[in-house]
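**Q** Kindly return the folded structure for what I paste below:
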Amino acid sequence: MVRKEVLDANPQLEEQLNALSAKIDTVKMAEMNKKVDVYQQPIAQVAVDFLRADGLL
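**A** Below is the predicted model of the structure:
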């Protein structure tokens, strides 16, 4: 969830968040959680890897 005032101040944010949410399904989220929880990979690195792999970064 994002507050309306945040979206109003950052008009491009809604489109970017929608693009991101369309790419994350249950399986991908479980894989990312496993990398963090089981393999102790840094959250930021897992996020960057995901964004790069899906062409969002």
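**Q** Where does Phe50 fall, secondary structure wise?
**A** Assigned by DSSP states H and E, Phe50 falls within helix 43-53.
**Q** chain center to that helix: distance?
**A** 8 Å (C-alpha atoms, centre = their mean, to the nearest Å).
**Q** Which parts of this protein are helices?
**A** Counting by DSSP state H, residue ranges of the helices within the chain are 4-9, 11-23, 26-37, 43-53.
**Q** what ranges of the protein fall below the confidence cut-off?
**A** Per-residue confidence of the chain (counting by pLDDT under 70) places no residue in a weak region.
**Q** tell me the centre residue of it?
**A** The C-alpha lying nearest the average C-alpha coordinate of the chain belongs to Leu20 (C-alpha atoms, centre = their mean; 5.7 Å).
**Q** Grab the nearest non-local neighbour of it.
**A** For Leu20, the nearest residue in space outside its immediate sequence neighbours is Leu56; the separation is 6.3 Å by C-beta to C-beta, 6 or more residues apart in numbering. Every residue, glycine included, has its C-beta placed from N, CA and C.
**Q** OK, contacts around Tyr39?
**A** If you count contacts by C-beta atoms under 8 Å, 6 or more residues apart in numbering, Tyr39 has none.
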